[in-house]
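1. Next come a sequence and a model predicted from it.
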Amino acid sequence: MAGVIDQYVASLRRELDFDPALARRLASEVESHLRDAAEADPVWPSVEAEQRAVERFGLARGIAAEFAADAVDRQARRTWITLAITVLVTFVAMRLRVIWLDDGAVSALAPLVDRYAFIAAIAVGVIGWFAFRRSLLAPAICLAGLAASIAAGIVRAGLFADGAPPHVLLAAAGEIALVGLLSFHVVGLGRRLRRTAVLRGVGR
Amino acid sequence: MLKGHLDAIVLAALEAGPAHGYAIIETIKSRSASTFDLPEGTVYPALHRLEEGGLLSSTWTTPPNGRRRRVYSLTKAGSAALADRRKAWGRFSQAVDTLLKGGRAWPA
């Protein structure tokens, strides 16, 4: 039968399931801490000494919530950096398309979506950066705006047709890759926000 | 209130030399005469955060008793951050101290 310390370490590992590498590292570190603490207890060796060491350490869920909140901060930083790079690359790619290609005139709507979805993404991004840096909504709206703008830009310039210069195609490929990376980060941010809420007892 | 200063407290606890999590907590308890009786686990998110920020470095060691421990030490950036936080705390505590001592009424 597992001891009190073993059970605690196992529960901490479960609570840290959002970051398996951290869970592995911390399990080993915390176990060593708890055994030191139990051995320093006057009633060692006993179950009571292990229990007291675990009680002094604090609830596994509360400690995991602290780590989850830090993970949200790191993921939010990654998301905003990727968002800024995506905006920059999208802007450069838009300019390249305007310089090198005529409008494909596939759709009258495409130029409007291309321009205004990009402007909306920047506006939401600026507001989000200053007011809602740890929220999911602002980067998600920016992602949708940028994706719409990029798709419209590609349709507008007729990049699917033959004859587009390689550097314009390369810029478009860069935009698509960055939107993919941004989607990955936005999904990751959402997952970490939900996990933090669950660990703090305010979500499901 | 203490939580907001935990990172600085952990940096200060490591100023004397490298230590593992349990030793850091014991240092904090003894140097604060048990005033800061934190749940011991709260020090680990702070250690991890400080290491991610480049203020601490860590390495696994196995001392003669055979128990593997992760030992943390201040980096150069960590020492500089501790000096900055000390200055900021000095200004803040002096200002609060002055206010709490009271003073004369605003001239009418």
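-> Structure received.
2. Tell me who's in contact with residue 27.
-> Because you didn't say which chain, this covers chain A. Taking C-beta atoms under 8 Å, 6 or more residues apart in numbering or on different chains, we find residue A:27 in contact with A:9, A:12-13. For the C-beta atoms, the positions are set from N, CA and C on the backbone; glycine is no exception.
3. oops, chain B please
-> By C-beta under 8 Å, 6+ apart, the neighbours of residue B:27 are B:13, B:16, B:19.
4. Same list (these) but as CSV, adding secondary structure.
-> As requested, the contacts of residue B:27 are arranged in CSV below (DSSP: H, G, I helix; E, B strand; the rest coil):
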residue, secondary structure
B:13, helix
B:16, coil
B:19, strand
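5. Looking at pLDDT only, which of these scores worst?
-> Minimum pLDDT for the contacts of residue B:27 is recorded at residue B:16 (91).
6. Count residues in the vicinity of that residue, would you?
-> 10 (other C-beta atoms under 10 Å in any protein chain shown).
7. Would you list the phi and psi of the closest residue in space to it that isn't next to it in sequence?
-> Distances taken as C-beta to C-beta, 6 or more residues apart in numbering or on different chains place residue B:27 nearest to residue B:16, at 7.7 Å, with adjacent residues excluded. Per-residue torsions, residue B:27: phi -60, psi -40 (degrees, to the nearest 10).
8. Can you pull the domain assignment for chain A?
-> Recorded structural domains for chain A (assignment: automatic domain parsing) are A:4-58, A:68-199.
9. hey, where'd the strands end up in chain B?
-> Assigned strands in chain B, in chain order: B:19-20, B:56-61, B:69-74 (criterion: DSSP state E).
10. I'd like those strands laid out as TSV, including mean neighbour count and distance to chain A.
-> Converted to TSV, these look like this (neighbours: other C-beta atoms under 10 Å in any protein chain shown; distance: least, C-beta to the nearest C-beta, whole Å):
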stretch	mean neighbour count	distance to chain A
strand B:19-20	20	7
strand B:56-61	16	8
strand B:69-74	20	5
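11. mind checking which of the ones you listed is nearest residue A:152?
-> strand B:56-61 (47.7 Å; C-beta to C-beta).
12. The closest one - contacts with which helices or strands?
-> helix B:43-52, strand B:69-74 (3 or more C-beta pairs under 8 Å, 6 or more residues apart in numbering or on different chains; DSSP states H and E).
13. Next, count neighbours for whichever residue of chain B sits closest to chain A.
-> Minimum separation of chain B from chain A (C-beta to the nearest C-beta) falls at residue B:39, amounting to 3.0 Å. Neighbour count of residue B:39, defined by other C-beta under 10 Å: 14.
14. same check, this time on residue A:181
-> Neighbours of residue A:181 using other C-beta under 10 Å come to 15.
15. average model confidence for the host helix or strand of it?
-> Using DSSP states H and E, residue A:181 falls within helix A:166-199. Throughout helix A:166-199, pLDDT has a mean value of 91.
16. For burial, what's the neighbour tally of residue B:85?
-> Residues near residue B:85, counting by other C-beta under 10 Å: 16.
17. And the one 5 residues further on, by the same measure?
-> If you count neighbours by other C-beta under 10 Å, residue B:90 ends up with 10.
18. tell me the contacts of the closest residue to chain B within chain A?
-> The nearest approach of chain A to chain B comes at residue A:58, 3.0 Å away (C-beta to the nearest C-beta). By C-beta under 8 Å, 6+ apart, residue A:58 lies in contact with B:39-42.
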